[in-house]
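Peer 1: Model the structure of this input:
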Amino acid sequence: MRNIGLTFLALLLGANPSPALASSSDWFETQGARIRLVTAGMPDEAGVLKGLLEIDLQPGWKTYWRDPGDAGVPPQIDISASTNIASAEFAFPTPERHDDGSFKWAGYDEPVSLPITFTLKSPGDAALIQADLFLGVCETICIPVQTRLTLDPASDPDNPEDVAAVTAALAALPAPATPEFGATIVGKDGEKLLVEATFPGDPASAEFFIAGAEGYAFGTPERIEKDGKTLFSVDVLARPDSVPTGGGLHYALVTSVGSVGGILPFM
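Peer 2: Okay, here's the model as predicted:
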């Protein structure tokens, strides 16, 4: 998280509300937005439960992708206070690149829902989600928002509005990358990463987003057209002393004909 030059006003509100007897939490309202958690359906045989974080932004406010860029606060979730919940992992709709004149950042300036995959420790047993959320919503200043949202996923699993919300959030995710529509690292050194993008449509429309992880941090990708290929040059701002094992770097490739998401290997 890079927060160069921004003023942050912390709101440490909403801790430890009473458990909600619903598969969606109460709304938590803050300046510029309100947020809630929603789940739909029952966990599958592996204990996987689908849900979302709904961020209802007011006009003129914004929030951030998994890696904001020059400035911002990416969303975070801590489920350690929950009962029978092993993990919770965000997925992200296609972001947009924004430039406010001082910083370039990746995120959303309209209401957005972030899908969440919850995994139960013991499939078949009861679960209670108590999620500590931390995210940024910004207008001219950025407000880190912290609260705990609570729900019982088994209390109303077939609620049609919740099911529709989770289904729509999943449908809004970028499609999985393919060899015909995706990105590949074609050059790297300690200071630069060169990525080739393959896709249908107008090359001038392409935007590439890459998220730092495990000690990596990147600058804003710059598009280069060379020998009929679309390349993106990315400054490597930070990297770990050794290459991590497992996992990789999430990316999104956005074009005039759609968007895809994938993972590039650590480098």
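
Peer 1: count of residues packed around K229?
Peer 2: Close neighbours of K229, defined as other Cβ atoms under 10 Å, add up to 12. Quick note: C-beta positions are derived from backbone N, CA and C, even for glycine.

Peer 1: Distance of it relative to G262?
Peer 2: Computed as Cβ to Cβ, to the nearest Å, the K229 to G262 distance reads 18 Å.

Peer 1: what about this protein, any weak spots by pLDDT?
Peer 2: Counting by pLDDT under 70, the chain contains low-confidence ranges at 1-21.

Peer 1: Now with 80, please.
Peer 2: 1-22, 70-71, 100-103, 190 (pLDDT under 80).

Peer 1: which residue lies farthest from the center of it?
Peer 2: Of all residues in the chain, D227 has its C-alpha farthest from the mean position, at 33.7 Å, by Cα atoms, centre = their mean.

Peer 1: Report the contact partners of that residue.
Peer 2: By Cβ atoms under 8 Å, 6 or more residues apart in numbering, the contact set of D227 is empty.

Peer 1: right, and T39 touches P157 too?
Peer 2: Yes - using Cβ atoms under 8 Å, T39 makes contact with P157 at a distance of 7.4 Å.

Peer 1: Give me the common contacts of the two.
Peer 2: Counting by Cβ under 8 Å, 6+ apart, the residues touching both T39 and P157 are S23.

Peer 1: Which one of these two is surrounded by more residues?
Peer 2: The residue with more neighbours, out of T39 and P157, is T39; 30 against 16, by other Cβ under 10 Å.

Peer 1: Please report phi then psi for the more buried one.
Peer 2: phi -120, psi 160 (degrees, to the nearest 10).

Peer 1: T150 touches L128, doesn't it?
Peer 2: Yes - counting by Cβ under 8 Å, L128 is a contact partner of T150 at 7.3 Å.

Peer 1: Looking at the two, which has the bigger crowd around it?
Peer 2: T150 (20 against 17).

Peer 1: give me the number of residues near H250?
Peer 2: Residues near H250, counting by other Cβ under 10 Å, number 19.

Peer 1: now swap in A154 and tell me
Peer 2: That count, for A154 with other Cβ under 10 Å as the rule, works out to 14.

Peer 1: my guess is it meets I129, correct?
Peer 2: No - under the criterion of Cβ under 8 Å, A154 is not in contact with I129, lying 10.4 Å apart.

Peer 1: Check the gap between the residue farthest from the centre of the chain and E196 for me.
Peer 2: Counting by Cβ to Cβ - D227 and E196 are separated by 11 Å.

Peer 1: Which of the three states applies to A164?
Peer 2: helix (DSSP: H, G, I helix; E, B strand; the rest coil).

Peer 1: where's it relative to L149, distance?
Peer 2: From A164 to L149 the distance is 20 Å (Cβ to Cβ).

Peer 1: again, but for L193
Peer 2: Taking Cβ to Cβ, one finds L193 at 37 Å from L149.

Peer 1: Likewise for L133?
Peer 2: Distance of L133 to L149, given as Cβ to Cβ: 6 Å.

Peer 1: who touches both of these two?
Peer 2: F28, I35, L37.

Peer 1: can you give me phi and psi for the second one?
Peer 2: Geometry field for I35 lists phi and psi as phi -140, psi 150, criterion degrees, to the nearest 10.

Peer 1: How many neighbouring residues does it have?
Peer 2: 24.

Peer 1: Report the beta-bridge partners for it.
Peer 2: When assigned by DSSP bridges, I35 has beta-bridge partners F28, I55.

Peer 1: Tell me who's in contact with it.
Peer 2: Counting by Cβ under 8 Å, 6+ apart, I35 has contacts W27, F28, L53, E54, I55, D56, L133, L135, V145, T147, L149.

Peer 1: my read is the last one is in a strand, agree?
Peer 2: Yes - with the criterion set as three-state DSSP, the secondary structure at L149 is a strand.
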